[in-house]
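Enquirer: predicted coordinates and the sequence they were generated for:
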Amino acid sequence: MADFLINTIGLPEWLAWTITASVAAALILNVIAGGALVFIWAERKIAARIQDRLGPTRTGGRFGWLQSLADGIKLLAKEDLMPEGADGMLFKLAPYVSFCASFCAFIALPFAFDFVGQRLNVGVFFVVAVLGLEVFGVILAGYASASKWSLFGAMREAAQVVSYEVPLGMCVVVPVMLAGSMDLVTIAEKQSGWLTSWYLFHDPFTFVIFWVYVTCAVASVNRAPFDLAEAESELVAGFHTEYSGLRWSFFFMAEYGSMFLVSALAALLFLGGWNGPIPVATLLGLSEGTGDTANYFVRLLGCGNLLLKATLGVLLMMWVRWTLPRLRIDQVMTTCLKYCTPIAAAMFAGAMLWQLAFPGGVIRGISRPAGEIREGWLEGPGGLPAGRGRVGGMPVAGVPTQAVSHQSGSQAVVKVVP
Amino acid sequence: MMPTMFASSVQSPALLAAVTWAVPIAAINWHSVLFLLFAAMACACAVAVVLADNVVRMAFYLVLSLASTAGLFFLAGAEFVGAMQLMIYVGGTLVLLVFGVMLTAQAPFVAIKTSTGDRVLAGMVGAALLAVLLQAAFRVEPWRRPAVATVAAPAATPIGMALLGVRVDSPAAGTPTAAVRSGYLLPFEIVSIHLLVVLVGAAYLARAKRRRSARAIDVAASAVSTVFPASPAAGATTGDTTGRETARSSASALVSGGPR
């Protein structure tokens, strides 16, 4: 887009970049805020249906679908209270810390091949790292509220999130290993084709580890059955007991944003990203290089696909929330340390061995033969011979046997010939 | 994408005149602007850490400072290092720090008052360090502006390969071949083992105390009866069996760290 602005319209570079960055930021903000509106409404309806109620029915016509908007207006107009003993500065800043962390993680999240705020070489790592920062806002809120409920909630949250980062990281490493890259775009592109090339169906170990990831993701965004930080039956409302109005809603935007984020991450890592169960675009005869308009259409389709998958993930979380009872804190820790972590470690080792034994994945005939490494570090002039199963990512043969390097100016361009 | 962004060249088409009425600056070098922004934030928050009284506020400023440093890393194209900074320092260390503060916080320790002597001492050390660093910084030849942005290559893969023992990046001229071949496998493994030892040690220290053997409890029981002769355990000294039992139970409670 920046290139278009510079070359076609003729804007100066700095302005073009400003506009591009603003548009990207605004789009991401809309995904979070608009998503939160829709998801809150959906959550209320789903909760109601699961509990054999109707949920909101009146606001905005038939299904009460304007309910969250009405809630939003109410929250805007609500008085902003602060407890007397609170640490004013931290109390006011805490919701923004949470929200910023959630927002920042979206920067590196690709929605389709080119639809990404900033394509990072270490996308997965960045997303997981930034997502872990959200807990900081919660801890600050709990501390600054000068309320025992809040403090208890925050301490539970800290213990829980820090523990669950370990198995979550292990789960995330497996697709990274299969794809041979931490770039989310590369990982998703490796799974293009039919759903057999999804990493979920790559081998039995990845199938198991996907469910471990789901568990850890639910725990890391503090959703029931892991919502100890805000356990209503014990802690009033946990870390946000003392919050009201817009600040309170920032916590909720952050929560729904993170839910969407971990679901999108699951879709990218295990469910093919924007590559659907059926390669619609390829069947229609559209592919990279058919032309700019066709390309754009393909990406739009992929974007819709990813959003659909992520939304399904969020709905799954809601279903889980309203179905399962809340765990106790010791049960939460047991789940993490005695089940998730060992299972994830074993599955990681298993996936590694599987990769060594059958580099082509489960169904070698059907899975796509080649997804080249787009990073360029391990891509030789001819690449590996086509037809060899390489869906499983960086092949064993990819370890460079000789490195040819030449200096061009101050930057090093390296080609590794396998 | 990034390099073109960094190079601040102003083309001046006709449209430029139309847009510059809004922003009176002819061109903004976003790289410099963001660098100054992050650097100023890092420095200001670092100063705030020193000046703040409240431990949790200090931690908060430290988070901002470290996150700004991570921003500088990202700006320099060192994405892996930036993400590491966020993960380890901001996400890990500081969350644990605040967690620890909240667990142990008592009123006298939350607010820390630094004495004047400490301030002077710290100021002297800090000034000395600053002098050394400034001297080193100004000795760098192309200090003000790199003519060409040097950010091009993705950073993570060579780092990962080097940690596995294979250098795929171009080593500096004159490096012995052995160093090129080995990469950083050995330091990486040493650090891993070190961390593992630390982890095992921490688990050992923090483990739940188990019930000791009967012999240890008997020894402890006599110790209890000696130390607390007025307690019900005093019966132990007279050979009274019930008293002995009481002493045993209270001693075992002592040994096992209280009733569980």
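Expert: The structure has been received and is ready for your questions.
Enquirer: what about the residue lying closest to A:Val31 once chain neighbours are set aside, which helix or strand?
Expert: Spatially, and ignoring its direct neighbours in sequence, A:Val31 is nearest to A:Phe106 (6.8 Å; Cβ to Cβ, 6 or more residues apart in numbering or on different chains). The way it works is simple: take the backbone N, C-alpha and C, and place the C-beta from them, glycine included. Assigned by DSSP states H and E, A:Phe106 belongs to helix A:88-107.
Enquirer: quick one: that helix to chain centroid distance?
Expert: 18 Å (Cα atoms, centre = their mean, to the nearest Å).
Enquirer: ok, how many other residues are close to the closest residue to A:Pro167 other than its chain neighbours?
Expert: In space, A:Pro167 comes closest to A:Cys340 once its chain neighbours are excluded; the distance is 3.9 Å by Cβ to Cβ, 6+ apart. A:Cys340 has 24 neighbouring residues, counting by other Cβ atoms under 10 Å in any protein chain shown.
Enquirer: now A:Pro342
Expert: 12.
Enquirer: how close does it get to B:Ser192?
Expert: 19 Å (Cβ to Cβ, to the nearest Å).
Enquirer: show me which residues of stretch A:55-63 are buried.
Expert: A:Gly55, A:Pro56 (16 or more other Cβ atoms under 10 Å in any protein chain shown).
Enquirer: what's that stretch in contact with?
Expert: Applying Cβ atoms under 8 Å, 6 or more residues apart in numbering or on different chains, the set of residues contacting stretch A:55-63 from outside is A:Trp41, A:Arg44, A:Lys45, A:Ala47, A:Ala48, A:Arg49, A:Gly64, A:Trp65, A:Leu66, A:Gln67, A:Leu69, A:Ala70.
Enquirer: I'd like the average pLDDT over that stretch.
Expert: The average pLDDT within stretch A:55-63 is 74.
Enquirer: dump it to CSV, restricted to CA.
Expert: C-alpha atoms of stretch A:55-63 as CSV (Å, rounded to 0.1, in the frame of the first residue of the first chain):
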residue,chain,number,x,y,z
GLY,A,55,-30.7,-14.2,26.5
PRO,A,56,-31.0,-10.6,25.3
THR,A,57,-34.0,-10.4,23.0
ARG,A,58,-35.2,-6.8,22.8
THR,A,59,-32.4,-4.3,22.0
GLY,A,60,-32.1,-3.8,18.2
GLY,A,61,-34.8,-6.1,16.9
ARG,A,62,-35.2,-9.8,16.9
PHE,A,63,-32.1,-11.3,18.5
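Enquirer: tally of neighbours for the residue of the stretch 151-300 of chain A found nearest chain B?
Expert: Proximity of the stretch 151-300 of chain A to chain B (Cβ to the nearest Cβ) peaks at A:Ala158, 4.5 Å away. When neighbours are counted by other Cβ under 10 Å, A:Ala158 registers 24.
Enquirer: wait, what's in contact with it?
Expert: Taking Cβ under 8 Å, 6+ apart as the test, what A:Ala158 contacts is A:Val135, A:Val138, A:Ile139, B:Val95, B:Val98, B:Phe99, B:Met102.
Enquirer: please redo it, this time with the cut-off set to 10 Å
Expert: When contacts are counted by Cβ atoms under 10 Å, 6 or more residues apart in numbering or on different chains, A:Ala158 is found next to A:135-136, A:138-139, A:142, A:229, A:239, B:95-96, B:98-100, B:102-103.
Enquirer: repeat for B:Phe60
Expert: Contacts of B:Phe60 (Cβ under 10 Å, 6+ apart): A:87, A:89-90, A:93-94, A:97, A:136, A:139-140, A:143-144, B:45, B:48-49, B:52, B:54, B:94, B:98.
Enquirer: and it, helix, strand or coil?
Expert: Look at B:Phe60: counting by DSSP: H, G, I helix; E, B strand; the rest coil, its state is helix.
Enquirer: domains of the chain?
Expert: Went with chain A since none was named. A:1-77, A:83-357, A:376-418 (automatic domain parsing).
Enquirer: right idea, wrong chain: chain B
Expert: Taken from automatic domain parsing, chain B resolves into B:2-169, B:214-255.
Enquirer: walking through the chain, point out its strands one by one.
Expert: Answering for chain A, as no chain was given. In chain A, the strands defined using DSSP state E lie at A:402-408, A:411-417.
Enquirer: was after chain B, sorry
Expert: Under DSSP E, chain B gives no strands.
Enquirer: would you map the helices across it?
Expert: B:2-6, B:14-19, B:30-51, B:55-75, B:79-84, B:95-104, B:107-110, B:116-139, B:156-163, B:177-182, B:185-206, B:214-227, B:241-255 (DSSP state H).
Enquirer: out of these, which gets the lowest mean score?
Expert: Of all the helices of chain B, mean pLDDT reaches its minimum on helix B:2-6 (a mean of 39).
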